[in-house]
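Enquirer: here is my input; please provide its structure:
(2 chains)
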Amino acid sequence: MAETTTLPQHAKTTADGRRIPTVIVDDAHVIYRVHGAGSANTNTPVSALKRILTRMPAPTVREVHAVKGVTFTAYRGEAIGLIGSNGSGKSTLLRAIAGLLPVTRGAVYAQGQPALLGVNAALLNDLTGERNVALGLLAMGFSPEVVKQRTPEVIEFSGINERGDFGSLPMRTYSSGMSARLRFAISSAKDHDVLLIDEALATGDRKFRRRSEQRVRELRESAGTVFLVSHQLSTIQETCERTIWLESGVMRADGPTADVIAQYEAFTSGK
Amino acid sequence: MANTAVADPDAGLTQRQLAERYGLTFAGARPSLAAYTRQLWSYRHFIAAYANAKVVASFSTARLGRLWQVLTPLTNAAVYFLIFGVILNTRGGVSNFIGYLCIGLFVFTFTSAAVSTGVSSISGNLGMIRAMHFPRATMPLAATLIQLQHLVTAMVVLVGIVLVTGEPITLEWLLVVPAVILQSIFNAGLALGLARVGAKIVDIKNLMPFIMRTWMYGSGVLYSVDKFAQNIHNPIAIEIVHANPLLIYIELVRHALMENAPLSSSAPRLWVMAAIWSAVIGVGGYLYFWRGETEYGRG
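Expert: Okay, here's the model as predicted:
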C-alpha cells in the first residue's frame, strides 16, 4: 500500500526537510441517509399512501449533510484535535477519513489504512467477552494464531476480569463502562499509520483512563498521525498541538490548539 | 482560515497533486476484483468465526440451547406432515411421502433462510461496518455459512427420517454432497446480490417473505410440479417451471436419498442445470456486490 518507499518508515520529514502528509482532505462532503426519521404523525399508513400518490419523498428517509466542504492536510508526527458542538460532524469526518463512510463529493487521501479507534464498535451482545475479542481481532485482519495469542492480552488490558471472570460471561451482562473498555481494548490492539480516536479516553474509571492514555501515547509513537475527537478540551490541550474546529459540518478554524480553543470558547460562551 | 500553511517546497500544489506526490491513496477506494478476492480469502477465518458466533448467539438465551438446531427442522417437518400428510392426505403418487416432504422442506429452507438473512446482512450490521475495516462480502457469506450449518444438522435429522421411512443406504447418497455444494454457491451469490439491494432499498426485507412463499409453492416442496401441467399448457411456461433452481436442487437431493423419487427432468439434465445456476448466480452476485463495496457504510 505505501508507495512512499523512498522514505524511512518513521521519519517525520523528507531528507530536504519537507513535512510528509499522511491525510489530505480535499473539499470533502459527506451525506448519509437515516431511515426511520420523522415525527409520529408523518409515519401513519395513510400519510405514507398519500406520499406515494403525490410522489413526495419519504420523510422517514432523511439525508444528513454532515460534513460540508472540509479541506486540510495532516502531516506525520502531528496530533490533531477535533472540537465542535454535538452533531457538528466530527465523528462523521473521522469515519470519512477512515474510508468507512464514503465522501459524496471531494476526496480524502490517506497513507496506508487509517484506523478508527472507537468505543462504539458494535459487538455481539449475546457472546462472551472473550469470543468478542477474538472476533474483533479477526475482523481487524489478524491471523487465527495471532488472535489466540493476543486475546488474553486484550482481556487483561481491558481489565474486565478484575472483578471476577467476566471474560467468559455474555457481553449483555456488562456495565456500559465495562463494554466500552472492552471495545477500546480491542480496537487499540493494532498499530497504525493514521490513528483516529473518537472520545475513547472519556470512558471507564480513572484507572482505566490512565491506562488508555498510556496506550494512546504508545500508539502515537508508532503511528504517523493521530486525530482525537473529544468534548473535553483539557484532553485536547494535553495531547494535541493542532486543533480543527467544526461547526455544523463547516470548518471554523484550524491552527495551534491554544488559539483555536480560545476562539471556540468565545463562541460557546457568546451563545 | 480554512486552509493550512503547506510546507514551502510543496506550496502551490493542489490537494490532489500533494496526495499524488506522496503516494497517498484515496480513502475507501474499491480494490480490484483480484485484490478483493485475495482479501476475502485472508478473512476466511473471520467468516467462519462470525458465522459460528452468530449461531451460538442465536441460541444463547434459550434454555435448550443448540438443541433447537435439531428441534427446529423436526418440528417444522412435523407440522407440514400433520397438515399435508395426515389431514389433506396429499400423497401425489409418492411412496415415501414423509421423506419426500422433509427433503423438499429442508433444502428449500436452506435457500430461503440464506436469502432472508443475506438481505439484511449489510443493513443489520451497519454498526460494525461503520466501525471496522473488513471486506463487506464477509457479511452475506457468513449469512450463507450460518444456514449451511443449520442445513448440516437438518441433514443429520433427515438421514434419520429417511432411514426410518424405509429407504436403503446406497452409494448414491454421496451425491448429496455435490448437490449441497452447488446449492451453497447459488445461495452465496443470491445472498451477496440481495445484500446490496437490501442495503439500498430497506423495504425489500418486508417483501421477501412473500417472494419466498411464492417460490416455495412453485418448487415442488409439498407436491409435485407435475400438477401444474393440468393448468399450464404453454411450453415456455412449463420450461420456466422446470428450470426453477430450487426445484432442481430439491430433486437432486431426493434423487440421491430416495429410491423411487419422481423427477421432473432426467438426472443428468438436472445436474447440468444445477451447475449452470450456481455458476451464473454465484459469479453474478459476487460481481454485483463487489461493485458496491465502497458504498455500504452510507446506509
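Enquirer: middle-most residue in the chain, spatially?
Expert: Just so you know, I chose chain A. A:Asp198 (3.8 Å; Cα atoms, centre = their mean).
Enquirer: ah, no, chain B please
Expert: Among the residues of chain B, the one closest to the centroid is B:Asn187, at 2.8 Å (Cα atoms, centre = their mean).
Enquirer: quick check: the residue nearest to the centre of chain A touching A:Leu116?
Expert: Yes - under the contact definition of Cβ atoms under 8 Å, A:Asp198 touches A:Leu116, with a separation of 6.7 Å. For glycine as for every other residue, the C-beta is placed from the backbone atoms N, C-alpha and C.
Enquirer: pLDDT at the residue nearest to the centre of chain A, what is it?
Expert: The predicted local distance difference test score for A:Asp198 is 79.
Enquirer: what pairs with it across the strands?
Expert: A:Gly118, A:Val229 (DSSP bridges).
Enquirer: now do it against A:Val226, distance only.
Expert: Distance, A:Asp198 to A:Val226, by Cβ to Cβ, to the nearest Å: 12 Å.
Enquirer: and what of A:Ile80?
Expert: Between A:Ile80 and A:Val226 the distance, using Cβ to Cβ, works out to 7 Å.
Enquirer: anything in contact with each of these two?
Expert: With contacts taken as Cβ atoms under 8 Å, 6 or more residues apart in numbering or on different chains, A:Ile80 and A:Val226 have A:Cys240 as neighbours in common.
Enquirer: where along the stretch 101-250 of chain A do the strands fall?
Expert: For the stretch 101-250 of chain A, the strands defined by DSSP state E, counting those that start in this stretch cover A:105-110, A:115-118, A:194-198, A:225-229, A:242-247, A:250-256.
Enquirer: packing partners of the third one?
Expert: If contacts are counted by 3 or more Cβ pairs under 8 Å, 6 or more residues apart in numbering or on different chains; DSSP states H and E, strand A:194-198 sits against helix A:90-97, strand A:115-118, helix A:206-222, strand A:225-229.
Enquirer: the longest one too?
Expert: Contact partners of strand A:250-256 among helices and strands, from 3+ Cβ pairs under 8 Å, 6+ apart: strand A:61-75, strand A:242-247, helix A:257-270.
Enquirer: let me have the ones you listed in CSV, extended by mean neighbour count, mean pLDDT and distance to A:Ile20.
Expert: Rendered in CSV, the data for the helices and strands packed on strand A:250-256 read as follows (neighbours: other Cβ atoms under 10 Å in any protein chain shown; pLDDT from 0 to 100; distance: least, Cβ to Cβ, whole Å):
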stretch, mean neighbour count, mean pLDDT, distance to A:Ile20
strand A:61-75, 19, 85, 6
strand A:242-247, 22, 91, 15
helix A:257-270, 14, 88, 21
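Enquirer: now do the helix or strand of chain B with the lowest mean pLDDT: distance to the chain's middle.
Expert: For chain B, scoring each helix and strand by mean pLDDT, DSSP states H and E identifies strand B:25-26 as the least confident one, at a mean of 76. In terms of Cα atoms, centre = their mean, to the nearest Å, the gap separating the centre of strand B:25-26 from the centre of its chain is 34 Å.
Enquirer: can you get me a residue count around B:Pro235?
Expert: Burial measure for B:Pro235: 8 neighbouring residues, criterion other Cβ atoms under 10 Å in any protein chain shown.
Enquirer: if I look at it, how far off is B:Ala229?
Expert: As defined by Cβ to Cβ, B:Pro235 lies at a distance of 11 Å from B:Ala229.
Enquirer: burial of B:Thr72, as a residue count?
Expert: For B:Thr72, the count of nearby residues is 16 (other Cβ under 10 Å).
Enquirer: what does the one 10 residues further on give?
Expert: Residues within reach of B:Leu82, counting by other Cβ under 10 Å, total 11.
Enquirer: would it count as being in a helix?
Expert: Yes - using DSSP: H, G, I helix; E, B strand; the rest coil, the secondary structure at B:Leu82 is a helix.
Enquirer: so what pLDDT did it get?
Expert: At B:Leu82, the pLDDT value in this model is 86.
Enquirer: then B:Pro73?
Expert: 85.
Enquirer: that one contacts B:Phe108, doesn't it?
Expert: No - in this structure B:Pro73 lies outside contact range of B:Phe108 using Cβ under 8 Å: 11.5 Å.
Enquirer: any idea how far A:Leu94 is from A:Leu116?
Expert: In this structure, A:Leu116 lies at 6 Å from A:Leu94, with Cβ to Cβ as the measure.
Enquirer: again with B:Tyr217
Expert: Relative to A:Leu94, B:Tyr217 is positioned 49 Å away (criterion: Cβ to Cβ).
Enquirer: neighbour-wise, which of these two wins?
Expert: Comparing B:Tyr217 with A:Leu94 by neighbour count (other Cβ under 10 Å), the higher total belongs to A:Leu94, at 22 against 12.
Enquirer: still on that earlier bit, relative to B:Ile83, which of the helices and strands packed on strand A:250-256 is closest?
Expert: If you check each of those against B:Ile83 by Cβ to Cβ, strand A:61-75 wins as the nearest, at 40.6 Å.
Enquirer: next up, the contacts around B:Pro135.
Expert: Contacts for B:Pro135 were tallied using Cβ under 8 Å, 6+ apart; they are B:Tyr36, B:Gln39, B:Leu40, B:Tyr43, B:Glu293.
Enquirer: to clarify, my last question referred to B:Gly193.
Expert: B:Ile281, B:Gly284, B:Gly285, B:Tyr288, B:Phe289.
Enquirer: of these, which is the most crowded?
Expert: B:Phe289 (28 neighbours).
Enquirer: let's verify the closest residue to that residue other than its chain neighbours: helix, strand, or coil?
Expert: Distances taken as Cβ to Cβ, 6 or more residues apart in numbering or on different chains put B:Leu192 closest to B:Phe289, at 4.0 Å, once the chain neighbours are dropped. Of the three states, B:Leu192 takes helix under three-state DSSP.
Enquirer: can you report how many residues lie near B:Leu192?
Expert: That count, for B:Leu192 with other Cβ under 10 Å as the rule, works out to 29.
Enquirer: hang on, isn't it packed against B:Val283?
Expert: No - the pair formed by B:Leu192 and B:Val283 falls short of the contact definition of Cβ under 8 Å, at 10.1 Å.
Enquirer: chain A contacts on the stretch 101-250 of chain B?
Expert: The stretch 101-250 of chain B comes close to chain A at residues B:Asn125, B:Gly127, B:Met128, B:Ile129, B:Arg130, B:Ala131, B:Met132, B:His133, B:Phe134, B:Val202, as judged by Cβ under 8 Å from any Cβ of the partner chain.
Enquirer: which members of those define the maximum pairwise distance?
Expert: The most widely separated members of these are B:His133 and B:Val202, with 23.6 Å between them, by Cβ to Cβ.
Enquirer: okay, now residue 149: neighbour count?
Expert: I'll assume chain A. What A:Gln149 shows, counting by other Cβ under 10 Å, is a neighbour count of 12.
Enquirer: ah, I was thinking of chain B
Expert: Close neighbours of B:Gln149, defined as other Cβ under 10 Å, add up to 16.
Enquirer: which residues touch it?
Expert: Counting by Cβ under 8 Å, 6+ apart, the residues that B:Gln149 touches are B:Ala51, B:Asn52, B:Val55, B:Gln69.
Enquirer: again, 7 Å this time
Expert: The neighbours of B:Gln149, taking Cβ atoms under 7 Å, 6 or more residues apart in numbering or on different chains as the test, are B:Ala51, B:Val55.
Enquirer: from the chain's centre, how far out does stretch A:236-248 sit?
Expert: Centroid displacement of stretch A:236-248 relative to its chain, using Cα atoms, centre = their mean, is 14 Å.
Enquirer: next, the distance between the ends of it.
Expert: Using Cα to Cα, to the nearest Å, one end of stretch A:236-248 lies 20 Å from the other.
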